[in-house]
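Novice: Sequence and predicted structure are below.
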Amino acid sequence: MPRGAIDVKKLCTILSMLSLAVLAGACDVPVPGDDPAQPPAASEPVDEATPGATPPAAEDPSAGDGAPAPTAAPSLPPASEPVAPEPADPAPDRAAAQFESSEQWATWNDGDYILYNNIWGSGAGAQSIWANGFSEWGVHADHPDTGGVTSYPNVTRPVNQPLSALSSLTSTFDVTVPDAGAYTSTYDIWADDHSYEIMIWMNQFGPVGPIGAFETSVSVGGHDFDVYRGLNGSFEVFSFLRTSDTDAGAVDVLEIMNWIREQGWFGDVMIGDVQFGDEITSSSGGLDFITNDFSVDFE
C-alpha cells in the first residue's frame, strides 16, 4: 500500500468495535474484554457469599415494578425450640392437708385405713402428722438421739382373718425419707392379738437394729431378706431386713406369713393389723418422712 494511504479495512474494524462499545453501555451487557468476576445481578441467586460482599437485597413484595428493594439484614437460621422436660409426679401438698395434728396419740380414719401419730418412746421430742388421705401423708419429727425408738407414725389396715382363710394379702408402698437421723421404713404386722409381731424392713438409716438373733437369709415375698427372731417382753418378734434398701415396691405379705408357718414358728394365726410407717430413733433438728403412696389388699 502506498505510504500515507488509508487502510480502509482496518478503519472499518475500529469503527465496528467503537459501535459495539456504545451499544453495550446502553444495553448493560458485558463487552469483550470486561472483568468476568463481576458479581451477578440482584435478581439471580447467589450460591456462596463472597467474603466482604454485601448480600443481595431481598425483594420487597409491596414495592411496585421498578421500585428499589430495601436493604435487608442477613437472615439467620431459626433457633431451635427448647424441649420441656417431662413433668415429675407432684409431691404431696402438705398445705392442702385434710388432717394435721401434733398430739401424741393423734388418729385419723380414712375409709378402711387409720393413721396414727404414735409418739411412744421415752425422751421423744416433737412430731406433727398431716395427711391428704391414707396413701398420701407424712410427719415432721424432731427427736433427740436417746438410743431407743421414739415413735412409729403409721398407716394401718385391719385384716382380722385367719391365715388359712386368706388367698392373697399384698401391699405396695412409696416413701421419701431423709439421709439423716436414724430410722427404718417398715411394715409391722400383728397376729394372734399381739402374740406375734412381724416386721418387714424395706430400708434403714443410721444406728438401728432388729430384736433377737440372726436366723437365716431367704428370698420370699418378692425380696431378699436377712431374718431375725427374738422376744420383746411377752410377744415374739420376727424381723425381715431387706438386704438392700428400697423406697418403693410391692410385698407379698401372705407368702412371708406362710413361710414363717412352714418354719414351725407359729400356726394358723389370726392376722390382725397390717401397718406401715417409719420407726424413728432420732431426727434431731427436724426431719420429714413422707408416704407418697400406699395400699393393702387381701381376699
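Specialist: Received the coordinates, thanks.

Novice: Spell out the residue ranges of the strands in the stretch 101-250 of the chain.
Specialist: Taking DSSP state E, counting those that start in this stretch, the strands of the stretch 101-250 of the chain run over residues 107-110, 113-116, 126-133, 136-142, 154-162, 169-176, 182-191, 196-205, 213-220, 223-232, 235-242, 248-252.

Novice: In JSON lines, list the ones you listed along with mean pLDDT.
Specialist: Below are the strands of the stretch 101-250 of the chain laid out as JSON lines (pLDDT from 0 to 100):
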{"stretch": "strand 107-110", "mean pLDDT": "98"}
{"stretch": "strand 113-116", "mean pLDDT": "98"}
{"stretch": "strand 126-133", "mean pLDDT": "98"}
{"stretch": "strand 136-142", "mean pLDDT": "98"}
{"stretch": "strand 154-162", "mean pLDDT": "98"}
{"stretch": "strand 169-176", "mean pLDDT": "98"}
{"stretch": "strand 182-191", "mean pLDDT": "98"}
{"stretch": "strand 196-205", "mean pLDDT": "98"}
{"stretch": "strand 213-220", "mean pLDDT": "98"}
{"stretch": "strand 223-232", "mean pLDDT": "98"}
{"stretch": "strand 235-242", "mean pLDDT": "98"}
{"stretch": "strand 248-252", "mean pLDDT": "98"}
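
Novice: Please name whichever of those strands is nearest to residue 299.
Specialist: Residue 299 lies closest to strand 169-176 among those, at 8.3 Å (C-beta to C-beta). (Each C-beta comes from the backbone N, C-alpha and C, glycine too.)

Novice: List the neighbouring strands of the closest one plus their orientation.
Specialist: Strand pairing for strand 169-176, using DSSP bridges, gives strand 248-252 (antiparallel), strand 287-298 (antiparallel).

Novice: Need the winner for burial among these.
Specialist: Of these, the one with the most neighbours on average (mean count of other C-beta atoms under 10 Å) is strand 287-298, at a mean of 18.

Novice: Check the model's average confidence along that strand for me.
Specialist: Strand 287-298 shows an average pLDDT of 98 in the prediction.

Novice: Can you name the residues that contact residue 144?
Specialist: By C-beta atoms under 8 Å, 6 or more residues apart in numbering, the residues touching residue 144 are 123, 125, 282, 284.

Novice: Look up the closest residue to the third one, ignoring the ones flanking it.
Specialist: Spatial nearest neighbour of residue 282, excluding adjacent residues (C-beta to C-beta, 6 or more residues apart in numbering): residue 145 at 3.8 Å.

Novice: Surely that neighbour is in contact with residue 183?
Specialist: No - taking contacts as C-beta atoms under 8 Å, residue 145 lies outside contact range of residue 183: 11.5 Å.

Novice: Common neighbours of those two, please.
Specialist: Common neighbours of residue 145 and residue 183 (C-beta under 8 Å, 6+ apart) are 281-282.

Novice: Which one's more surrounded, these two?
Specialist: Neighbours were counted for residue 145 and for residue 183 using other C-beta atoms under 10 Å; residue 183 has more, 28 against 15.

Novice: what are the bridge partners for that one, then?
Specialist: Beta-bridge pairing for residue 183 (DSSP bridges): residue 205, residue 280.

Novice: got a list of what it touches?
Specialist: Applying C-beta under 8 Å, 6+ apart, the residues near residue 183 are 177, 204-206, 208, 278-283, 289.

Novice: For the residues you listed, give me TSV that also has distance to residue 259.
Specialist: Formatted as TSV, the contacts of residue 183 follow (distance: C-beta to C-beta, whole Å):
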residue	distance to residue 259
177	27
204	21
205	27
206	28
208	24
278	25
279	22
280	28
281	28
282	32
283	33
289	29
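
Novice: What is the nearest of those to residue 95?
Specialist: residue 289 (17.6 Å).

Novice: so when I look at residue 267, I'm seeing a helix, right?
Specialist: No - counting by DSSP: H, G, I helix; E, B strand; the rest coil, residue 267 is not found in a helix; it is coil.

Novice: What does it show for phi and psi?
Specialist: Taking degrees, to the nearest 10, you get phi -100, psi -140 for the backbone angles of residue 267.

Novice: Against residue 196, how distant is it?
Specialist: From residue 267 across to residue 196, the span is 10 Å (C-beta to C-beta, to the nearest Å).

Novice: so who does the residue nearest to residue 277 when sequence neighbours are not counted touch?
Specialist: Distances taken as C-beta to C-beta, 6+ apart put residue 154 closest to residue 277, at 2.9 Å, once the chain neighbours are dropped. Residues in contact with residue 154 (C-beta under 8 Å, 6+ apart) are 115-116, 118, 188, 275-278.
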